[in-house]
Structure formats: structure tokens, C-alpha cells
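>>> Generate coordinates for the sequence data below:
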Amino acid sequence: MSSSKHRPSETDLLSIIASLESRVSKLERSPRIGNTAIDTGGLTVTDGDIIIKDNAGNEVIRIFNNDPPEIRFAPLGADTDHIASLYANEETFGGFDQTIGRLQVRTDPGLAQDGGALSVFRTGVKLNHIDNATGAEGAFEAGIINGTAGMLHLIGRWLNGIQVSGTDAVLTGSLTTAVANSTTVTYTFTYASTIAPVIGFLSSGGAVSWSITAQSTASFTVAWGGAAASKTLNMWNIRL
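Prediction:
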């Protein structure tokens, strides 16, 4: 014989059903981040990252819960070759302990092309090499310090005889000529406009008369007097 000692009454069942209906209704009316705009106020996420994915589920943006804070962009999703990061840090630069804003781009491990970073300080900007395999920052290689209003302090080195395109603004370099009385320097690419070579002429065997005897967007020629001998040309070619 069964017992009804623990069986809910009809009234209890109706109350349970009403309670469930009320809770489901409230849940359906509650704002959800997936389909609700935040018009005022703010969104706070504690002890976690904010992740944005594309329709295929690939991560394209992540706001990290890091120190320093970082926003990382992967514009091609899971198949991206390059990842960009934007973050702020504290660093000593130009003799000052200061906050920096940094934009960094690096390739995924295994690719040949390493990346770079641009850091903006209160007293200037600097460029760094980013190691492809590890993502670690390389040596401080070049930069501009503008700690004094209206004045620039350049740090770094110029390329030696390397031209990237016909629109390069400056071509610098140092070369040794053959044993002769003249030499012609031909550019890797023909310049898109007038190029004006400025030459430092080194003659270790003594002073000689010399001059630039021809110049064009494709090359320039230097000739010197005296016996045929090897010379050193230090050049700073400016495109006008």
C-alpha cells in the first residue's frame, strides 16, 4: 500500500509550476551581453580576458588581463601571419622613468620575417626589433628623442649602400673604388626624381683634385687626378 506522506498536494504543484513560470519569464526578459547594447555605464570583467571571435570561431581580438595590459589583434583569425599588440608599460627612456604606449607587430613562430615595435614616450619615440620565434624584444635600435621642444635627437645607424626602392629619400653608404682615376656608382633602382649625391672623398695617398663629373637618376660618376689609385667614397645621396 502506497503512502501519500511525501506526495505534494495539488496546491503545492500549482505553486511550483507558477514559480517556474515566473523564473523562466524573468530569465527571458533579462538583458544578455550577446544581444543587448550597453548605452550607458560600463562593462567590468574581473580576473579574465575579453575575447572577440569571427563567425568561424577564430579569435580576432583579445583584451588580456595582464600586467602590462594588452589588446591583441589577429586580423586574419586563426590563419593570421602577423599579430599586432597595443599596450602600455613603464620604462626608463631618455633618462626618465615614464609610461609608454607601444604598438608591436610580430609574425607567428616559424616564419622568416621578424617583427617590429613602435614605442611612444613623453620624451620621444623609439623602434625595436621583435624576435620572430619568441616574441621577445630585441635591442633598442633606433629612435627619436624630443625632450626639448622643437629639437630632435636621432639614435641609430644608417643603411650602408642599401636602396629599397626608387622613392627612397636618402641613400647612404661607404665604398672602396678599384685602382683607377674614376668610378661610377649605379643605383639598384632608378630614382623617381632628381637625386643629388653628396660625397666625402678619402685619398690616403695625399690630396688630389676630384669632382662629380656626371649624375642622373640612375647613377653618378666621380673622377680624380694623379696616379690611378683606389679611393674611398662616403656618400649621402638625397632625393629632391
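
>>> Domain boundaries for this protein, per the record?
If the domains of the chain are taken from automatic domain parsing, they occupy 50-155, 170-239, with pieces of a single domain joined by a plus sign.

>>> so which of those gets nearest residue 161?
The closest approach between residue 161 and any of the domains of the chain, judged by C-beta to C-beta, belongs to domain 170-239 at 3.2 Å. For every residue, glycine as well, the C-beta is placed using N, CA and C.

>>> chain center to that closest one, what's the gap?
The offset between the C-alpha centroid of domain 170-239 and the centroid of the whole chain comes to 35 Å, using C-alpha atoms, centre = their mean, to the nearest Å.

>>> just to revisit the earlier point, among the domains of the chain, which gets the worst mean confidence?
Across these, the stretch with the lowest average pLDDT is domain 50-155; it has a mean of 74.

>>> on that earlier part again, dump the domains of the chain to a markdown table, plus distance to residue 164.
Converted to a markdown table, those look like this (distance: least, C-beta to C-beta, whole Å):
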| stretch | distance to residue 164 |
| --- | --- |
| domain 50-155 | 15 |
| domain 170-239 | 8 |
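
>>> Dump these to TSV, plus distance to residue 15 and mean neighbour count.
What follows is these, written out as TSV (distance: least, C-beta to C-beta, whole Å; neighbours: other C-beta atoms under 10 Å):
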stretch	distance to residue 15	mean neighbour count
domain 50-155	41	14
domain 170-239	85	14
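
>>> mind listing the helices in this structure by residue range?
All helices of the chain, identified by DSSP state H, fall at 10-29.

>>> Nearest to residue 41, out of the domains of the chain?
Comparison of those against residue 41 by C-beta to C-beta identifies domain 50-155 as nearest, at 16.1 Å.

>>> Give me the distance between that closest one and the centre of its chain.
Average the C-alpha atoms of domain 50-155, do the same for its chain, and the two points are 6 Å apart (C-alpha atoms, centre = their mean).

>>> for it, how far is the first residue from the last?
38 Å (C-alpha to C-alpha, to the nearest Å).

>>> circling back to that earlier point, please identify which of the domains of the chain is closest to residue 12.
Ranked by C-beta to C-beta, the member of the domains of the chain that lies closest to residue 12 is domain 50-155, at 44.7 Å.

>>> hmm, back to that, which one of the domains of the chain lies nearest to residue 16?
When these are compared by C-beta to C-beta, domain 50-155 sits nearest residue 16, at 38.8 Å.

>>> List the residues that contact residue 203.
Contacts of residue 203 were listed using C-beta atoms under 8 Å, 6 or more residues apart in numbering, and they are 210, 224, 229, 231.

>>> how about 6 Å then?
Counting by C-beta atoms under 6 Å, 6 or more residues apart in numbering, residue 203 makes contact with residue 231.

>>> Tell me the spacing between it and residue 184.
Taking C-beta to C-beta, to the nearest Å as the measure, residue 203 and residue 184 are separated by 18 Å.

>>> Also residue 127?
From residue 127 over to residue 184 the distance is 34 Å, taken as C-beta to C-beta.

>>> Okay then, goodbye and thanks.
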